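A.B. asks: what's the 3D shape of this:
(chains A and B, ligands or ions: 2)
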Amino acid sequence: MEYVYSVLVMIGIYTIMASSFNLIIGFGGLISIAHPIFFALSAYASALVNLHWGVPIPLAILLGTLFAAAMSVMLSLPSLRISGDYLLIASMGFQLGFVEVIKNVDFAGGAGGLTGIASIYSGPSRSPAFVVTTLTIAATVVSVVHWLTHGEYGRAIRAMRDDEECFASLGRNPMAIKITIFAVGSALAGLAGALYAHYFQFLSPEQFGITQSALILTMVVVGGMGSTWGPVVGALLLTALPQAITFLNLPPSVMAPLQGMLYTGLVLLFLFVRPAGLVAKRLGQ
Amino acid sequence: MLEFRAVSARYGKLAALIEVSLSVPDGARVAIFGHNGAGKTTLLKCGVGAMPGIDGEVSCNGTRIVPGAVYRNTRLGIGFVPQGHNVFKNLGVERNLGIAGLLHDKRFVERVYELFPMLAERRAQLAGSLSGGQQQMLALGMALMTQPRILLLDEPATGLAPVIVENVLASLLRINETMKTAIVIVEQNVKATLPVVERALILKAGRLVWDGSSAELARKEDLWTWF
Ligand SMILES: Nc1ncnc2c1ncn2[C@@H]1O[C@H](COP(=O)(O)OP(=O)(O)OP(=O)(O)O)[C@@H](O)[C@H]1O
Ligand SMILES: [Mg+2]
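C.D. replies: Ligands and ions are numbered 1, 2, ... in the order given. Take a look at the predicted model:
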């Protein structure tokens, strides 16, 4: 049962990750691979302020989330000033660089990882309570992303992407929209990271590598970029599928490459067969 | 009043605008002519701050136009309708007007509809499905939503049938008369434009080579040699 709970929590966490990454790449058109690092920065920040300063966990999670947002501005503000392509390049540096930084910071556990992180809940109903919390937050995140990308602000985002020059000449600031989208998306990734930290109670820098960027991107592409439900479907599918394969009881030497091929295969399959993803984006109004 | 003081602009090594000085008083109607690549678009872009690094200075009623900060400059009362692409094709007519309307007075939409009843009949239609002339009207309406004191228009009538060209130009005249908005229009169609403006400027290879009344330019026998 504990196993089922942990899969459900992971589905919730990946739903938050995919949904928020979709906000950035699918709606905002901002290409970055640094999504997992904001997850990591917040996870570590939340765990550490609780561990070292005794900040209560809910407040620690909030601080971690805000820290992720602040760090995202450090990345997006200077690079978007130059160009969108520059964001991609800078995000690679951010992603690769911070993993190295975390590995070498002793009070964050270093390369060996951070242990002894406090849990939000305790007692026998710890896991079910966590499942409910994570899935509720995931549902809220999906609603927030939907609300942001539809309605008045959503139309401004679409207009900005359609034609930036025209958008600016109407007195609207394209940079403000891009930086806001990036910060909100990164903050949500941070929220997922902090939840993760206080559930699994262990963080290792290796977990937040570039393969995570690929996994989250796959979820968004397979589910459907720029749609509300796409990333949810993608997260569900790509969290459950690898778990399902483990039931086949294959030897690890077959298992690892099979999981890798699963992602590659799915992306290729979808690019050819269903480029808009499982949940195709609605066009028009 | 929009003022250019010895403005030069370049794209890399290419000088697109060389030491242009001019001023557009409140309520004026000015046309900018010149051959392809003469620097007309560049001049308008400098006016709204869309050229990042320029020499010289542009100011609006004494406030410096900061190069690279278009959205802030428009708030000084400068409306800019870019060349070609100037409506959001995937949004409906009213939503297009609302993009600027988010910042400004929403009730102003009704004034725009009074000016262009054609738009009022098509509030929900996607801008991309409007005809070329209708899109130009919408672009004008959108620029008006920011309630500019001066309107910079880059070839608003290009590619339109002669009747529609007359239509667009007549709307500009109406805007100028009813709202006292100054109009600066870049146009290839000299003949159709001259009657609706008071003053004309001619750019040649980035330099301002003529600045005078439109009537005077119209009288010139050697009109075409200027281009
Ligand atoms: N983005 C750009 N990059 C490099 N050169 C440019 C760019 N935009 C314009 N130019 C060059 O600058 C010069 C002036 O261009 P500009 O667009 O101002 O001309 P124009 O008078 O508006 O022409 P047209 O009537 O064709 O619209 C041209 O030689 C053009 O090739
Ligand atoms: Mg031009």
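
A.B. asks: average pLDDT for the particular helix or strand that has residue B:45 in it?
C.D. replies: When elements are assigned from DSSP states H and E, residue B:45 belongs to helix B:40-48. Mean pLDDT, computed over helix B:40-48, is 95.

A.B. asks: same thing with stretch B:146-166?
C.D. replies: Across stretch B:146-166, the average pLDDT comes to 89.

A.B. asks: how about it and ligand 1, touching?
C.D. replies: No: residues of stretch B:146-166 are not located near ligand 1 by C-beta under 6 Å from any ligand atom, the shortest gap being 6.5 Å. Every residue, glycine included, has its C-beta placed from N, CA and C.

A.B. asks: do me a favour and get the end-to-end distance for that stretch?
C.D. replies: 24 Å (C-alpha to C-alpha, to the nearest Å).

A.B. asks: just give me how far it sits from the chain centre.
C.D. replies: 7 Å (C-alpha atoms, centre = their mean, to the nearest Å).

A.B. asks: residues of chain B that sit close to chain A?
C.D. replies: Residues of chain B found near chain A (C-beta under 8 Å from any C-beta of the partner chain) are B:48, B:50, B:70-72, B:74-75, B:79-82, B:85-92, B:95-96, B:98-100, B:102-104, B:124, B:126, B:142-143, B:145-146.

A.B. asks: from those residues, which ones fall inside helices?
C.D. replies: Counting by DSSP state H, the residues of chain B next to chain A place B:48, B:70-72, B:74, B:95-96, B:98-100, B:142-143 in helices.

A.B. asks: could I get the lowest-mean-pLDDT helix or strand in chain A in PDB with only the CA atoms?
C.D. replies: Least confident element among the helices and strands of chain A, by mean pLDDT, DSSP states H and E: helix A:252-273 (a mean of 79). Written as PDB, here are the backbone C-alpha positions of helix A:252-273 (Å, rounded to 0.1, in the frame of the first residue of the first chain):
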ATOM      1  CA  PRO A 252      17.700  -4.500 -14.200                       C
ATOM      2  CA  SER A 253      20.000  -4.800 -17.300                       C
ATOM      3  CA  VAL A 254      16.800  -4.900 -19.500                       C
ATOM      4  CA  MET A 255      14.800  -2.600 -17.300                       C
ATOM      5  CA  ALA A 256      17.000   0.500 -17.400                       C
ATOM      6  CA  PRO A 257      17.300   0.700 -21.200                       C
ATOM      7  CA  LEU A 258      13.700  -0.200 -21.700                       C
ATOM      8  CA  GLN A 259      12.600   2.800 -19.600                       C
ATOM      9  CA  GLY A 260      14.900   5.100 -21.400                       C
ATOM     10  CA  MET A 261      13.600   3.900 -24.800                       C
ATOM     11  CA  LEU A 262      10.100   4.300 -23.600                       C
ATOM     12  CA  TYR A 263      10.500   8.100 -23.300                       C
ATOM     13  CA  THR A 264      12.400   8.400 -26.600                       C
ATOM     14  CA  GLY A 265      10.000   6.200 -28.300                       C
ATOM     15  CA  LEU A 266       7.000   8.000 -27.000                       C
ATOM     16  CA  VAL A 267       8.300  11.400 -28.100                       C
ATOM     17  CA  LEU A 268       9.100  10.200 -31.600                       C
ATOM     18  CA  LEU A 269       5.800   8.400 -31.900                       C
ATOM     19  CA  PHE A 270       3.900  11.500 -30.800                       C
ATOM     20  CA  LEU A 271       5.800  13.900 -33.000                       C
ATOM     21  CA  PHE A 272       4.900  11.700 -36.000                       C
ATOM     22  CA  VAL A 273       1.400  10.500 -35.100                       C
END
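
A.B. asks: stretch A:172-181: how far from the chain's middle?
C.D. replies: 20 Å.

A.B. asks: for residue B:153, which three-state class applies?
C.D. replies: State at residue B:153, reduced to three classes by DSSP: H, G, I helix; E, B strand; the rest coil: strand.

A.B. asks: hang on, residue B:66 packs against residue B:72?
C.D. replies: Yes: Residue B:66 is in contact with residue B:72 according to C-beta atoms under 8 Å; the separation is 6.6 Å.

A.B. asks: helix, strand, or coil at residue B:209?
C.D. replies: Classified using three-state DSSP, residue B:209 is strand.

A.B. asks: same question, the one 3 residues further on
C.D. replies: Secondary structure assignment for residue B:212 (three-state DSSP): strand.

A.B. asks: show me the contacts for it.
C.D. replies: Applying C-beta atoms under 8 Å, 6 or more residues apart in numbering or on different chains to residue B:212 gives the contacts B:199-200.
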